[in-house]
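Enquirer: Quick one, fold the following:
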Amino acid sequence: MKLSLQSIQDKEAWKGYHLPAYDPKKIAENTEQNPQWMHFGSGNIFRIFPAVLCQRLIEQGKMDTGIVCCEGYDDEIITKCFRPYDNLTIAVTLNADGNLDKEVVGSFADSLTVLYDSGKIAEIMKKPSLQIVSFTITEKGYSLRNAAQEIVPAVAEDMENGPAACKTFMAQLAAMCLGRKAACGKPLALVSMDNCSHNGEKLKAAVTEIAKAWLDKGSITQEDYDYLENEIAYPWSMIDKITPRPHPVVEEQLIADGLEEIRPFVTTKHTYTAPFVNAEKPQYLVIEDQFPNGRPPLEDVGVIITDRDTVNKVEKMKVCTCLNPLHTCLAVYGCILGFTSIADETKDPQLSRFIDRMSHEEGMPFVVDPGVIDPKQFLNEVLTERFPNPFMPDTPQRIATDTSQKLSIRFGETIKAYMASSDREASELTLIPLVQAGWLRYLIGVDDEGKEFEVSPDPLLHAMKEKLNGIKLGEPVDDAQIDPILSDASIFGVDLHDCGLADKVLGYFKELMAGPGAVRETLKKYVG
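Expert: Got it, this is the predicted structure:
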């Protein structure tokens, strides 16, 4: 059988799958007339999380429209994963007991690309009924600058030329919002659902910086700028659902069910995708209550609607203490020790004890309690259910990507809390600096057996390789070569000399570099 609107009419053939309890064609027709929700970024987490929330609301009779799905970066996701399958997706939940929950998602009312369908997208933006435009475009999607913090030439060109015929996405978005102002004048919520801190702030900063350049050049009026500043809302959000690449085990199961043409593939822009998505069961979405043109009742399907301060606290709880620091620890040491599965790492006596002790002993004393989610329960779920799930095909190699951009928020905030404390000292930390030293050891690109491995992509990889040049496993480490790195607050969040951790990190690094097997011995020494 094939994934299509016609095929899912045969419910017996699709036994074992949750099928849309509504007519997707009717929903698409309603959406074309009165769209409520448009989304940019057609990747995996969107298809198995927000899109499923929309499906639940439709099935409960609380929405009669779907989501218009748009792609501004990788057109092949739309042309190869949406349109050939009548805008349907198979969402597969990977339960810890090995069972798969399989669902056909039909809430995608249309699938469009910015490259080929910009006119249609712009017209949808003008509809008075539109309430939400959401985004999962990664943190890079909001950036107007390169690594040297210079405005990217294409963005500078858009700033110079004004709203007409923009080439970069943030400029196109600002122009479409101004088109809405001219057409209906109604407000709108632009909701970033990307997994980055203060995501709404980043989105607003990008849109308004471009608009300010237009205003300064006389391309738009002060009234236009004020509309983008005041009538367009940019609510903050926190999203959490581990969504790995499509996995062969899931593919095999779907093929065994009789599905055809379901194989994963890699687009020319290096996106790993498939007509199906696999993810863990736990999920969290917390959104600031800023929807000036109304919204669907998202709270009825588990979304926590709250104030900005609470969203920020949930984000800090997760990113600084209860999940992300643990992920980074397992990522760098997992690569060094030859692991290819996060779940397998949790069976390792040193690594499992490492993340347990680091989170409970060093992180939790300063955890931010958001009130709407219990940090202790959240952490326990991470340690006992989420990370150990053997059916979650997530890898330390994937998690290790861009680690230089993550250390500051994931560990630096906790270090700052110790520095500000009246009864604790940052210098007493043991395991957080061991992660920092582990990252330096990871950058050497040699595993604990002395074999080379491929270091994951990172914007600072080339620069760090130069700074660590000449350091070899089993040979003495020159303090003067490492010392400047430890002073870099842009990486660690603080100057490690100022908080009393520089000597400790350096000492750990030397122990980790002592020779083959030194990483395992160092973990046994300090973790137990």
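
Enquirer: Alpha carbons only: can I get the longest helix along the chain in PDB?
Expert: When the chain is parsed with DSSP state H, its longest helix is helix 199-216. Extracted C-alpha coordinates of helix 199-216, given in PDB (Å, rounded to 0.1, in the frame of the first residue of the first chain):
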ATOM      1  CA  ASN A 199      13.500  32.400  20.400                       C
ATOM      2  CA  GLY A 200      10.800  35.100  20.100                       C
ATOM      3  CA  GLU A 201      13.300  37.800  20.900                       C
ATOM      4  CA  LYS A 202      15.700  36.500  18.200                       C
ATOM      5  CA  LEU A 203      12.800  36.500  15.700                       C
ATOM      6  CA  LYS A 204      11.700  40.000  16.600                       C
ATOM      7  CA  ALA A 205      15.300  41.400  16.500                       C
ATOM      8  CA  ALA A 206      15.800  40.100  13.000                       C
ATOM      9  CA  VAL A 207      12.500  41.400  11.600                       C
ATOM     10  CA  THR A 208      12.800  44.800  13.300                       C
ATOM     11  CA  GLU A 209      16.500  45.300  12.400                       C
ATOM     12  CA  ILE A 210      15.700  44.900   8.700                       C
ATOM     13  CA  ALA A 211      12.700  47.200   9.100                       C
ATOM     14  CA  LYS A 212      14.800  49.800  10.800                       C
ATOM     15  CA  ALA A 213      17.200  49.800   7.900                       C
ATOM     16  CA  TRP A 214      14.200  50.300   5.600                       C
ATOM     17  CA  LEU A 215      12.900  53.100   7.700                       C
ATOM     18  CA  ASP A 216      16.200  54.900   7.800                       C
END
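
Enquirer: ok, and what's touching it?
Expert: 135, 139, 142-144, 155, 158-160, 162-163, 170-171, 173-174, 177, 190-193, 196, 220-222, 224-225, 228-229, 232, 234-237, 288 (C-beta atoms under 8 Å, 6 or more residues apart in numbering). Every residue, glycine included, has its C-beta placed from N, CA and C.

Enquirer: At which residues are the helices of the stretch 301-450 of the chain located?
Expert: Under the criterion DSSP state H, counting those that start in this stretch, the stretch 301-450 of the chain contains helices at 308-317, 324-336, 342-345, 349-357, 375-381, 396-399, 407, 413-420, 431-443.

Enquirer: In stretch 359-369, which residues are buried?
Expert: 359, 362-363, 366-368 (16 or more other C-beta atoms under 10 Å).

Enquirer: Would you show me how to pick out the buried ones of the contacts of helix 199-216 in ChimeraX?
Expert: Only the buried entries of the contacts of helix 199-216 go into this ChimeraX selection, using 16+ other C-beta under 10 Å:
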select :135,142,143,144,155,158,159,162,163,170,171,173,174,177,190,191,192,193,196,220,224,225,228,232,234,235,236,237,288
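
Enquirer: Indicate which one of the helices of the stretch 301-450 of the chain is closest to A96.
Expert: Taking C-beta to C-beta, helix 342-345 is the member of the helices of the stretch 301-450 of the chain nearest to A96, at 9.4 Å.

Enquirer: Output that closest one as CSV - backbone C-alpha positions only.
Expert: Output in CSV follows, covering the C-alpha atoms of helix 342-345 (Å, rounded to 0.1, in the frame of the first residue of the first chain):
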residue,chain,number,x,y,z
ILE,A,342,22.8,7.7,23.7
ALA,A,343,20.7,4.8,25.1
ASP,A,344,23.8,2.5,25.2
GLU,A,345,25.8,5.2,27.1
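
Enquirer: Who is the closest residue in space to N87 that isn't next to it in sequence paired with across the strands?
Expert: Using C-beta to C-beta, 6 or more residues apart in numbering and skipping residues adjacent in sequence, the residue nearest N87 is F108, 4.2 Å away. Beta-bridge pairing of F108 under DSSP bridges involves I67.

Enquirer: what residues are up against the residue lying closest to T267 once chain neighbours are set aside?
Expert: Closest residue to T267 apart from its sequence neighbours, by C-beta to C-beta, 6+ apart: E76 at 4.0 Å. Residues in contact with E76 (C-beta under 8 Å, 6+ apart) are 267-269, 271, 273.
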